[in-house]
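Enquirer: Okay, here's the prediction I keep looking at, along with the sequence it came from:
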Amino acid sequence: MFVFKSIKLLQDHLSENRPKFGKVGYVPTMGALHQGHLDLIAASKAKGCYTVCTIYVNPTQFNNTEDFEKYPSTIEQDIVKLTQNQCDVLFLPSSAEMYGAQVVADKYNFGTVTNSFEGALRPGHFDGVITIVSKLFDAVKPDAVFFGQKDLQQCMVVKHLINKRFSNIQMNIVPTKRESSGLAMSSRNVRLTDDERAVAIRLYEALLFVKQQVLAGVSASEVISIAKAQWLNHPKLKLEYLALVDADTMEQHELVRPEIHYAVIIACWCSNVRLIDNVLLTD
Ligand code: AMP
């Protein structure tokens, strides 16, 4: 695996070899890699792409200093995992390389997709995401990109960005990888104690309950209040949202209609770790 820290060296490598590689597939990450990230690499390889992964913890997308400071870093293990999973290139930039002297995000408004849920609760988060994803797409110039359904709203934000600015890039959304308990894999899970992990699986249980009941015709508000009482009323949990949404626009809905593609989404603190998850109503 080639490792580059500078955009110039990365671009020289990619442009010299692009005709030989065929398609370039790209997987941006913040590292502390787990099987969910490696599934994205596998999806890119399965499409025959020459595969580039980034590890960069982007400061401008953190609205919470403690979350940024405590973000796990396991770069040596990450390099081993990427090599074992046939990743072709690792791009490992610094903030100076990505931003220059001013580490600030531009402002974006894509309507509900940027302003609801994660956008409303984490002010500036999607400004940071869109700013860095734009810079990374400009650096790598990928043909295909691979993002995880785990961050569903982020996927929709990136889809909008691609439609607006990068229409030649093909977007791929890879299903959420879970622990055998059902807990969605996340780099932040390493901050959970065993007790907290045991409680955190309630998020997925609540999602599955809401999905099943809504598909059976119960209204979202009714089933969500039952789910809150039954699964999420626990001293270690603090719910931020649990909602039925249009999975493309992130608009909240009460009842399902056949023509819309829905998801049930959740954000919940488990002690001092903020977890998000979702399930699609139909595949
Ligand atoms: P992160 O390093 O958390 O910024 O995530 C990098 C990419 O991996 C994003 O596209 C995430 O949606 C994706 N990802 C994170 N966790 C999972 C998971 N459990 N399953 C699938 N993809 C994931």
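Expert: Perfect, I can see it now. Numbering: from 1, shown residues only.
Enquirer: use CA for all of it now, contacts and neighbours both
Expert: OK.
Enquirer: Arg122 is in contact with Asn63, correct?
Expert: Yes - using CA atoms under 8 Å, Asn63 makes contact with Arg122 at a distance of 5.9 Å.
Enquirer: For the residue lying closest to Phe68 once chain neighbours are set aside, which residues are in contact?
Expert: Counting by CA to CA, 6 or more residues apart in numbering, Phe68 lies nearest to Phe62, which is 6.0 Å off, once chain neighbours are set aside. For Phe62, the contacting residues are 68, 122, 124-125, 128, by CA atoms under 8 Å, 6 or more residues apart in numbering.
Enquirer: ok, Val89 touching Ile41?
Expert: No - using CA under 8 Å, Val89 is not in contact with Ile41, being 10.9 Å away.
Enquirer: Just to be sure, which of the contacts of Phe62 are found in helices?
Expert: With DSSP state H as the criterion, helices contain 68, 125, 128 from among the contacts of Phe62.
Enquirer: Write the ChimeraX selection for whichever of these are buried.
Expert: To isolate the buried subset of the ones in helices among the contacts of Phe62 in ChimeraX, counting by 16 or more other CA atoms under 10 Å, use the following:
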select :125,128
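Enquirer: can I get the ones in helices among the contacts of Phe62 in CSV with pLDDT?
Expert: Compiled in CSV, the ones in helices among the contacts of Phe62 are given as follows (pLDDT from 0 to 100):
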residue, pLDDT
Phe68, 94
His125, 97
Gly128, 98
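Enquirer: Contacting the ligand as well, which ones from the ones in helices among the contacts of Phe62?
Expert: Taking CA under 6 Å from any ligand atom as the test, the ligand is in contact with none of these.
Enquirer: any chance of the ones in helices among the contacts of Phe62 in CSV, with distance to Glu205 too?
Expert: Converted to CSV, the ones in helices among the contacts of Phe62 look like this (distance: CA to CA, whole Å):
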residue, distance to Glu205
Phe68, 28
His125, 27
Gly128, 31
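Enquirer: Report all helices and strands that whichever helix or strand Thr131 is part of contacts.
Expert: Counting by DSSP states H and E, the element that carries Thr131 is helix 125-140. Contact here means 3 or more CA pairs under 8 Å, 6 or more residues apart in numbering; DSSP states H and E; on that basis helix 125-140 packs against helix 7-21, strand 24-29, helix 118-121, helix 152-165.
Enquirer: other SSEs contacting the helix or strand just after the second one?
Expert: Looking back up the chat, that one is strand 24-29. Sequence-wise, the next helix or strand downstream of strand 24-29 (DSSP H and E) is helix 35-46. Other helices and strands packing on helix 35-46, by 3+ CA pairs under 8 Å, 6+ apart, are strand 24-29, strand 50-55, strand 144-148, strand 170-174.
Enquirer: and the top helix by length along the chain, what's its mean pLDDT?
Expert: If you go by DSSP H, the chain has its longest helix at helix 194-215. Averaging pLDDT along helix 194-215 gives 98.
Enquirer: Quick check: buried residues in that helix?
Expert: Buried residues in helix 194-215 (16+ other CA under 10 Å): 196-197, 199-211, 214.
Enquirer: cool, and stretch 145-163?
Expert: 145-162.
Enquirer: contact partners of that stretch?
Expert: Contacts of stretch 145-163 (CA under 8 Å, 6+ apart): 25-28, 36-37, 40-41, 43-44, 110, 113-114, 118, 126, 129-130, 133-134, 168-177, 184, 247-250, 276-278.
Enquirer: Quick check on those residues: which are buried?
Expert: Buried among those by 16+ other CA under 10 Å: 25-28, 36-37, 40-41, 43-44, 113-114, 118, 126, 129-130, 133-134, 169, 171-177, 184, 247-250, 276-278.
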